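J.: next come a sequence and a model predicted from it.
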Amino acid sequence: MRRFISDLFLLICVIGLAYYFRDPLSHAWSQFMMRSFPCSQPIAYSIGDFDTRFGISKETFLKDIQRAESIWETPVKKELFVYKPDSALKINLIYDDRQTATQKLQKLGIIIHDDQSTYNTLKAKYDVQTKQIQNLKASYAVASVSYQSRQTAYNNEVESLNKRGRVTQDIYDRLAQEKKDLDQLSVKLSEQEGVINAHVDVLNALVEVINRLARSLNLKAVQYNETGAIRGGEFEEGEYVTDVSGNRINIYQFDDQTKLIRVLTHELGHALGLDHIDNPKAIMYRLNNGVNEALTDGDLAELKRQCQMK
Ligand SMILES: [Zn+2]
């Protein structure tokens, strides 16, 4: 009887632990299945975070994911992915300064292609913008110094008159006028600040996109460093993340629909377990350089190897 009770206790502990760790366990199980029998089950995905500031609808986003899906599925005539609301693999559309910069420039009528001529255009605009900001800052500095010294003189005079106690109407009028002028100057100065900040905003957007292009064009260019944060490496428009909390695809930035479909296809490739390949035109190249919405021979060979197909 005592033996039975201790066995029962052990069993309850095991069930309790399994229940407590059910999420990481089921994740580990699906990882194990994927590694042992890759492509045997279609990978179920759903849409997670969806930020409307990208200016596309959820329906369009889903359609683009399905196009990315079919880029993998059509050549091998096999269901590799399936859309299933609430399933574990979340595809997130996350809005940060990458897309803000893209859209800021698009609003100024600047069309961004991932090519050398866009890069050159943006660099020229960067130079113009930098010069303008320098000039604006210089004239702001002059105005600001003159304002400060007039303000100090005014304060000193008011203070010493206060000590004396009595002022003539003339002095009173002059000081009232000076106060009015100073207030106007102060408003003008903050307007100038606003103009400078708007220019700096555009400059930072230019820097963000120039650096991204430099990386994606593999230019040994100087990193423009106005914004500080420089992101290194591959396909920064998106990423496939797998950790204890599960798998997810994060999309951060795209210039147009083709780029979005390509980055989705690339990240779905990682979800299938594919690594990078060394052809710049390939979907699984480390950078989103190409414009093809189809697999290259190299992509297809990798897919077949991974899925053990002939
Ligand atoms: Zn990648």
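T.: Arrived safely. Numbering: from 1, shown residues only.
J.: how about the strands in the stretch 51-200 of the chain?
T.: 81-83, 89-93 (DSSP state E, counting those that start in this stretch).
J.: can you tell which of those strands is closest to the ion?
T.: For these, proximity to the ion was assessed by CB to the ion; strand 89-93 is nearest, at 14.9 Å. (Each C-beta comes from the backbone N, C-alpha and C, glycine too.)
J.: mind listing what's buried in that closest one?
T.: Neighbour counts over strand 89-93 (16 or more other CB atoms under 10 Å) mark 89-93 as buried.
J.: name the residues that touch that strand?
T.: Strand 89-93 has contacts (CB atoms under 8 Å, 6 or more residues apart in numbering) with 43-51, 54, 61, 65, 246-251, 264, 267, 271.
J.: adding mean pLDDT and distance to residue 282, write the strands of the stretch 51-200 of the chain out as CSV.
T.: Shown next, in CSV, are the strands of the stretch 51-200 of the chain (pLDDT from 0 to 100; distance: least, CB to CB, whole Å):
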stretch, mean pLDDT, distance to residue 282
strand 81-83, 97, 19
strand 89-93, 96, 21
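J.: now those in a markdown table, with distance to the ion?
T.: Shown next, in a markdown table, are the strands of the stretch 51-200 of the chain (distance: least, CB to the ion, whole Å):
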| stretch | distance to the ion |
| --- | --- |
| strand 81-83 | 17 |
| strand 89-93 | 15 |
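J.: let's have those in JSON lines, adding distance to residue 184.
T.: Listed next are the strands of the stretch 51-200 of the chain as JSON lines, based on distance: least, CB to CB, whole Å:
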{"stretch": "strand 81-83", "distance to residue 184": "61"}
{"stretch": "strand 89-93", "distance to residue 184": "47"}
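J.: out of those, which gets nearest to residue 143?
T.: strand 89-93 (44.4 Å; CB to CB).
J.: could I get the closest one in PDB with only the CA atoms?
T.: Output of strand 89-93 as PDB, limited to C-alpha atoms (Å, rounded to 0.1, in the frame of the first residue of the first chain):
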ATOM      1  CA  LEU A  89       4.100  30.500 -35.500                       C
ATOM      2  CA  LYS A  90       3.200  34.200 -35.400                       C
ATOM      3  CA  ILE A  91       4.000  36.500 -38.200                       C
ATOM      4  CA  ASN A  92       4.300  40.000 -36.800                       C
ATOM      5  CA  LEU A  93       4.300  43.400 -38.500                       C
END
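J.: sheet partners, orientation included, of it?
T.: strand 43-50 (parallel), strand 246-251 (parallel) (DSSP bridges).
J.: can you say which of these is nearest to residue 127?
T.: strand 246-251 (31.8 Å).
J.: residue boundaries of the helices in the stretch 201-310 of the chain?
T.: 257-271, 297-306 (DSSP state H, counting those that start in this stretch).
J.: I meant the stretch 51-200 of the chain, not that one.
T.: 58-76, 97-107, 116-164, 169-216.
J.: list the buried ones in the second one?
T.: Right, helix 97-107. 97-106.
J.: elements contacting it?
T.: For helix 97-107, the packing partners by 3 or more CB pairs under 8 Å, 6 or more residues apart in numbering; DSSP states H and E come out as helix 169-216.
J.: run the last query once more with 10 Å
T.: Counting contacts by 3 or more CB pairs under 10 Å, 6 or more residues apart in numbering; DSSP states H and E, helix 97-107 is packed against helix 116-164, helix 169-216.
J.: mind giving me the packing neighbours of the longest one?
T.: In terms of contacts (3+ CB pairs under 10 Å, 6+ apart), helix 116-164 is packed against helix 97-107, helix 169-216.
J.: and of those helices, who's closest to the ion?
T.: So among those, helix 169-216 is nearest, using CB to the ion, at 12.7 Å.
J.: now do the closest one against helix 116-164, angle only.
T.: On the basis of axes from the mean of the first three to the mean of the last three CA atoms, to 10 degrees, helix 169-216 is oriented at 160 degrees to helix 116-164.
J.: hmm, helix 169-216 touching the ion?
T.: No - Helix 169-216 is not in contact with the ion by CB under 5 Å from the ion; minimum separation 12.7 Å.
J.: pLDDT (mean, whole number) over that helix?
T.: For helix 169-216, the mean per-residue pLDDT is 90.
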